[in-house]
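Asks: sequence unknown, structure follows:
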C-alpha cells in the first residue's frame, strides 16, 4: 500500500474507539490498562484498532480465534507502542495462537546431527513475519500481572528489537514452557 494511503487509513482507524464488548475484553484480560489515563487509553484503543486491521490471527492445535483472543493479544502487544512513533510491527504479518504450550520437533544440522531436543514452548518470534503465542500463557498474564512475565510483551519486544535491521538473518526467539 502506498505510504500516504496507509498513513491516512491508520489515522482514521486510530480515531475509532473500541466497541463496548472489545473494551470489556481489555478490562478483563489486560489489567495494567486500569492504570492509564484517558488520553493513553484512547491512544491504546487506536493502536489496537490498527493492529487488528493489519495483522492476521490463526488458531493452531484446535484453538478457535475469537475476538477475545485477538483483542487481548493486540492490547498487550500495543502496550509496547504507546507514546512512540511506530510502524506497527512492520515485520509481523501473522500471529499463530495455540491453546497452550506446544512441542517443537528437534532441529537437525546438515550432517544429520540433532542440534536440539524436542522442546515445549509458549512463544516464538520469527524473522519471517510470524509470532507464535500460547493462549493459556496470555491468560495467565492477566491473572498474575505483577510477576514480570508476559509472553506477548516478550515476543513482540523481539519484533521491536529487529525493526532496525540488526537482528541476524533468519532469527527465531523462543520462550520455553515452565
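Replies: Good, I have the coordinates. What you see is a predicted model, and the numbers here were worked out from it, not measured in a lab. Residues are numbered from 1 along each chain as shown.

Asks: the residue lying closest to residue 129 once chain neighbours are set aside and residue 131, how far apart?
Replies: Leaving out its chain neighbours, the residue that sits closest to residue 129 by Cβ to Cβ, 6 or more residues apart in numbering is residue 93, at 3.7 Å. (C-beta placed from N, C-alpha, C; glycine too.) With distances taken as Cβ to Cβ, to the nearest Å, residue 93 is found 9 Å from residue 131.

Asks: between these two, who's got more neighbours?
Replies: residue 131 (26 against 13; other Cβ atoms under 10 Å).

Asks: the helix or strand containing the more buried one pairs with which strands?
Replies: Per DSSP states H and E: residue 131 is located in strand 130-134. Strand 130-134 pairs in its sheet with strand 94-98 (parallel), strand 119-126 (antiparallel), by DSSP bridges.

Asks: give me the buried positions along the shortest one.
Replies: Which is strand 94-98. 95-98 (16 or more other Cβ atoms under 10 Å).

Asks: what does it rub up against?
Replies: 55-61, 63, 65, 69, 73, 129-135 (Cβ atoms under 8 Å, 6 or more residues apart in numbering).

Asks: in PyMOL, how would I select the buried members of these?
Replies: Below is the selection syntax for PyMOL that covers the buried ones among the contacts of strand 94-98, with 16+ other Cβ under 10 Å defining burial:
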select buried, resi 55+57+63+65+69+73+130+131+132+133+134+135
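
Asks: which element is residue 91 on?
Replies: Judged by DSSP H and E, residue 91 forms part of no helix or strand.

Asks: contacting residues around the residue lying closest to residue 94 once chain neighbours are set aside?
Replies: Leaving out its chain neighbours, the residue that sits closest to residue 94 by Cβ to Cβ, 6+ apart is residue 56, at 4.7 Å. Applying Cβ under 8 Å, 6+ apart to residue 56 gives the contacts 93-95.

Asks: dump those into TSV; add pLDDT and distance to residue 37 as well.
Replies: What follows is these, written out as TSV (pLDDT from 0 to 100; distance: Cβ to Cβ, whole Å):
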residue	pLDDT	distance to residue 37
93	95	32
94	97	32
95	98	28
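
Asks: list just the nearest of these to residue 142.
Replies: Taking Cβ to Cβ as the measure, residue 142 lies nearest residue 95 of the contacts of residue 56, at 17.4 Å.

Asks: for the closest residue to residue 149 other than its chain neighbours, give me its contacts.
Replies: Nearest residue to residue 149 in three dimensions, chain neighbours excluded: residue 141, at 7.1 Å (Cβ to Cβ, 6+ apart). Contacts for residue 141 (Cβ under 8 Å, 6+ apart) come out as 76, 149-152.
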